[in-house]
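**Q** Build me a model:
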Amino acid sequence: MSTSTPVIRLLLVDDEPAIRRAIRTPLTELGFSITEASRGEDALHLVQSQTFDVVLLDLNMPGIGGMKTLKRLRAQAPRLPILMLTVRDNEEDKVLALESGADDYITKPFSIRECIARLRSSVRRAQTPERSEDAPLLIGEICLLPARHSVTRAGQPIHLTRKEYDILKYLMLHAGRSVTYSRLLAAVWGAEYREEVHYLRTFVHQLRRKIELDPARPRYLLNDPYVGYRFAEFPEEDGTGPDAFDAPDPTRPHVSS
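**A** Numbers count the residues shown, from 1 in each chain. Down below sits the predicted model:
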C-alpha cells in the first residue's frame, strides 16, 4: 500500500505568465497537480468541469476580475479553499477579499515557502471533519475546553473574562486564518460594533498578557497589519509563523519609553 502524500490539485488563476511559472515549477516538483487559468471566466468553467482541492486566485486581472471571480467561485463551491494573491500595500482589497469569502491571502512579492505552507494549511482545514461544539481546542500549549468554559497553558489554568474567552475561542476555531477586525467584532460584540476596533486593541492586549510567555513577541495571537488577527496554527513547528506574520499592530498607537 502506498504511503505517499496525496496529490493536491491546485487551480492557479493569474494573468501574469511569470507569476504562474514561478509558482508552477516548485509546486509541481513537490507533487502538486497544477491547472492554470489566466482569467476569472476560465476559472469558473474549470471549477464546474473539474475537481480541485484549492484555488490560488489573483485579485487584479482583466475580464470580470478577481473579486467577482471569488464571489462566483464561493457561490459555486462553498467549501473549496480559495487563497487570494494581492499587492502588499492594498489593505482594503485584503479585507474585502476575506469578507467576500476568501480563506486566506498571499501578498506579492511572496516566498514560495510561505505560499506552500498556506496552501497546505487551507487544504488540511477543508478536509478536517467538522468538530462538535464541545470538542477541545488544542494548539501548542494552549487548550480551550468549551464544555467547561476553561483555558489552560501547559496545563496551568488561565483566568479570562467572558469577552477574552470569546475572542480566543473564535480565533482558535479559525486558527491559521486571518480574521478581519470587523468579523471578529461582529462575532463577539455584535454587528453594530464592526467599526469599534479600539475594543479589540484593548482586549487583545490583555489576552496576550495572559496566554503568551512574552506578550511583546507573541507566538499565538498574531497581527495581520491593517486587516485583523490570526491565531497561529503551528506556533512551534511552523517556520513561517510569528517572525513572518507578526508585524506591528497598526491599530495600536506607538508608545515610546
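**Q** Low-confidence stretches in the chain?
**A** Scanning the chain for pLDDT under 70 picks out 1-5, 88-89, 130-132, 236-257.
**Q** Please enumerate the strands of it.
**A** Assigned by DSSP state E, the strands in the chain fall at 9-13, 33-37, 54-58, 82-87, 104-108, 137-139, 142-145, 150-153, 156-158, 179-180, 221-224, 228-231.
**Q** Can you give the strand pairings for the fourth one, parallel or anti for each?
**A** This points to strand 82-87. Strand pairing for strand 82-87, determined by DSSP bridges: strand 54-58 (parallel), strand 104-108 (parallel).
**Q** show me the contacts for residue 11.
**A** Applying CB atoms under 8 Å, 6 or more residues apart in numbering to residue 11 gives the contacts 35-37, 43, 46-47, 50, 52, 54-56. Glycine gets a C-beta too; all of them are placed from N, C-alpha and C.
**Q** among the strands paired with strand 82-87, which is the most enclosed?
**A** strand 54-58 (a mean of 25; mean count of other CB atoms under 10 Å).
**Q** For the spatially most central residue of the chain, give its distance to residue 122.
**A** The residue lying closest to the centre of the chain (CA atoms, centre = their mean) is residue 177, at 2.1 Å. Remark: distance between residue 177 and residue 122 (CB to CB, to the nearest Å) = 8 Å.
**Q** Could you pull out the helices in this protein for me?
**A** 17-29, 40-49, 65-76, 91-99, 112-127, 162-173, 181-188, 197-211, 242-245 (DSSP state H).
**Q** Please list the outside residues in contact with the fourth one.
**A** Among residues not part of helix 91-99, those counted as contacts by CB under 8 Å, 6+ apart are 59, 66-67, 70, 84, 86-87, 105, 107, 178-180, 182-183, 224-228.
**Q** Then the third one?
**A** For helix 65-76, the external contacting residues (CB under 8 Å, 6+ apart) are 13, 40-41, 43-44, 47-48, 55, 57-61, 64, 80, 82, 84, 93, 96-97, 100-102.
**Q** Pull up the overlap in contacts between residue 177 and residue 122.
**A** Going by CB under 8 Å, 6+ apart, residues that sit against residue 177 and also against residue 122 are 103-104.
**Q** List the beta-bridge partners for residue 223.
**A** residue 229.
**Q** In space, what's closest to residue 159 - neighbours in sequence excluded?
**A** Nearest non-adjacent residue to residue 159, counting by CB to CB, 6 or more residues apart in numbering: residue 210, 7.5 Å away.
**Q** hang on, the earlier thing: among the strands paired with strand 82-87, single out whichever gets nearest to residue 134.
**A** With CB to CB as the criterion, residue 134 lies closest to strand 104-108 of these, at 27.1 Å.
**Q** contacts for that closest one?
**A** 19, 56, 81, 83-88, 94, 97-98, 114-115, 118, 121-122, 176-178.
**Q** hang on, the earlier thing: just want the phi and psi numbers for the residue nearest to the centre of the chain.
**A** phi -110, psi 150 (degrees, to the nearest 10).
**Q** residue contacts, it?
**A** Residue 177 sits next to 103-104, 125, 230 when contact means CB under 8 Å, 6+ apart.
**Q** about what we covered before: going by neighbour count, which of the contacts of residue 11 are buried?
**A** 35-37, 43, 46-47, 52, 54-56 (16 or more other CB atoms under 10 Å).
**Q** of all these, which comes closest to residue 235?
**A** So of these, ranked by how close each gets to residue 235 (CB to CB), first place is residue 54, at 23.0 Å.
**Q** Contacts only, for that closest one.
**A** 8-11, 80-83, 119, 122-123, 126.
**Q** Mind listing the residues bridging to it?
**A** With DSSP bridges as the rule, residue 54 is bridged to residue 10.
**Q** All further residue positions should be reported with the first residue as 679.
**A** Okay, using 679 as the starting number, the last item reads as residue 732.
**Q** Alright, that wraps it up for me.
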